[in-house]
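Participant: when you get a sec, could you give me coordinates for this:
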Amino acid sequence: MRYIWQSDTIGLCCLYMVIYGHWNFSVHDGKFNSCDLSRSDFSHSDLTNSTFKNSNLDHCSFENTNLTGTLFKNANLKGVTFKNSIYNKTHFKSCNLSGLIFDGETFKQTIFEGSSLRKASFRDAILINVQFRMSDLKKIDFTGASMDKLTYNSLHGAKVDLSSVNII
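Facilitator: Below is the predicted model of the structure:
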């Protein structure tokens, strides 16, 4: 069964989450602010233009999830799984993404701002017009990634190892 909720019913969504432990519905413009959603499964959900501010997303799963226009701000993303998701205009602000794996993902107009990406992996990812603003990029892995010149130049200026990157 697939559910569609409006943003004013997020409290009910949180209740659904507590009872069933997984999501499989659309929440456009949802506000998941200051929620403890640890170990939740958002797979196959549409979270377009939703916000996760000051929320605990520890060990959550975002597989085949539409994150278009989604804002993650000060969210705990420790141990999160991102796989085959849509990242169009997604914004990660002041988040700890250290050690997360984004291998093979495609990012379009995504912003990583003031976030830690230490030891994160973007192997074989595609990055188009992606910005890394004031973020910790130490030991980030872009092996086999493809990116546009704008993204490449901003990362090159931050002294990131781009020796095995393809420019598209």
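Participant: nearest residue to residue 38 other than its sequence neighbours?
Facilitator: Closest residue in space to residue 38, ignoring its immediate chain neighbours: residue 58 at 4.1 Å, by Cβ to Cβ, 6 or more residues apart in numbering. The way it works is simple: take the backbone N, C-alpha and C, and place the C-beta from them, glycine included.
Participant: from what I see, the one you found and residue 81 are in contact.
Facilitator: No - using Cβ atoms under 8 Å, residue 58 is not in contact with residue 81, being 11.5 Å away.
Participant: what's the local residue count around residue 34?
Facilitator: When counting by other Cβ atoms under 10 Å, one arrives at 11 neighbours for residue 34.
Participant: what comes into contact with stretch 47-56?
Facilitator: Contact with stretch 47-56 is made by 7, 26-38, 65-76, as judged by Cβ atoms under 8 Å, 6 or more residues apart in numbering.
Participant: so which of those are in strands?
Facilitator: 26-27, 71-73 (DSSP state E).
Participant: between those residues, which is nearest residue 141?
Facilitator: residue 72 (20.8 Å; Cβ to Cβ).
Participant: which ones are touching the closest one?
Facilitator: 52, 57, 90-93, 95.
Participant: mind redoing it with 7 Å?
Facilitator: Contact analysis of residue 72 by Cβ atoms under 7 Å, 6 or more residues apart in numbering lists 52, 92-93, 95.
Participant: how near is it to residue 80?
Facilitator: 10 Å (Cβ to Cβ, to the nearest Å).
Participant: again with residue 48
Facilitator: Residue 48 is 19 Å from residue 80, by Cβ to Cβ.
Participant: where along the protein do the strands fall?
Facilitator: Under DSSP E, the chain gives strands at 3-5, 25-27, 51-53, 61-63, 71-73, 81-83, 86-88, 91-93, 106-108, 111-113, 126-128, 131-133, 146-147, 166-167.
Participant: in contact with residue 148, which residues?
Facilitator: Counting by Cβ under 7 Å, 6+ apart, residue 148 has contacts 128-129, 168.
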